[in-house]
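>>> Need a 3D model of the following:
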Amino acid sequence: MPRNESPAAVEPRAATEIYSPAARRFHWIVVGLLVLQLPIGYYMAYRGNDLNIWDGTTNSLYSGHKLLGLILLLIALARLGYRLVHGAPEPEPTLEPWHRLASAVNHLGIYVLLLLVPLLGWLGVSLYPALDIFGLFKLPGLMAPDQKLSEIVLEYHGYAALALVAFAGMHIGAALYHYLIRGDNVLGRMIPGLLRK
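Numbers count the residues shown, from 1 in each chain. Below you'll find the model as predicted:
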């Protein structure tokens, strides 16, 4: 063995590529909007459909939900466009192949649902029709009114929202698993202050 080699030499940790500042901003804006949107959506549905309370508060909840849904759709489209143009950083170097596959499936599911959930909501209120937002403006209608079809579409909107919650929960769980158990830099790619050397 050459004198300058040590049997105990350890390879340094491979460099981790982090998400760009713009990609991180898109991510956290979407997170913040979802934290607002999901409880508003379920509370407004409970208040209106289960309690049958149709007052100014319920109408405001519905208007707020529609407005946030429109904003989420536009930001999700911008985020997707940014990713298509700029790409994403390389995966964390220590990931197993199945980790990379699971991550790709989860990200794809989240992107699809971030578009599908608000589009189904918009289609549902178009069919109802209930396009007014706070009495200030109306969303453009996507289809001619059909209340029976509206009920079906809005039911699927609710199912898709539940699926989005499930995918987001898996995403959060995986990030915590990688940070707390595996000790790698998956979470640090989105929160650079948590990068491990």
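>>> other SSEs contacting the helix or strand where Gly41 lies?
Following DSSP states H and E, the helix or strand that holds Gly41 is helix 21-45. The helices and strands touching helix 21-45, judged by 3 or more CB pairs under 8 Å, 6 or more residues apart in numbering; DSSP states H and E, are helix 56-86, helix 147-176. Placement of C-beta: from N, CA and C, glycine included.
>>> how about that helix: buried residues?
For helix 21-45, a neighbour-count test (16 or more other CB atoms under 10 Å) marks 23, 26, 30, 33-34, 37-38, 40-41, 44-45 as buried.
>>> ok, and what's touching it?
Contacts with helix 21-45, where a contact means CB atoms under 8 Å, 6 or more residues apart in numbering, come from 19, 58, 61-62, 64-65, 68-69, 71-72, 75-76, 78-79, 82-83, 86, 88, 114, 158, 161, 164-165, 168, 190.
>>> just how off-centre is that helix within its chain?
The chain centre lies 7 Å from the centre of helix 21-45; the measure is CA atoms, centre = their mean, to the nearest Å.
>>> what does stretch 65-72 give?
Per CA atoms, centre = their mean, the centroid offset for stretch 65-72 relative to its chain is 13 Å.
>>> still on that earlier bit, with mean neighbour count as added columns, please give the helices and strands packed on helix 21-45 in JSON lines.
Below are those laid out as JSON lines (neighbours: other CB atoms under 10 Å):
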{"stretch": "helix 56-86", "mean neighbour count": "16"}
{"stretch": "helix 147-176", "mean neighbour count": "15"}
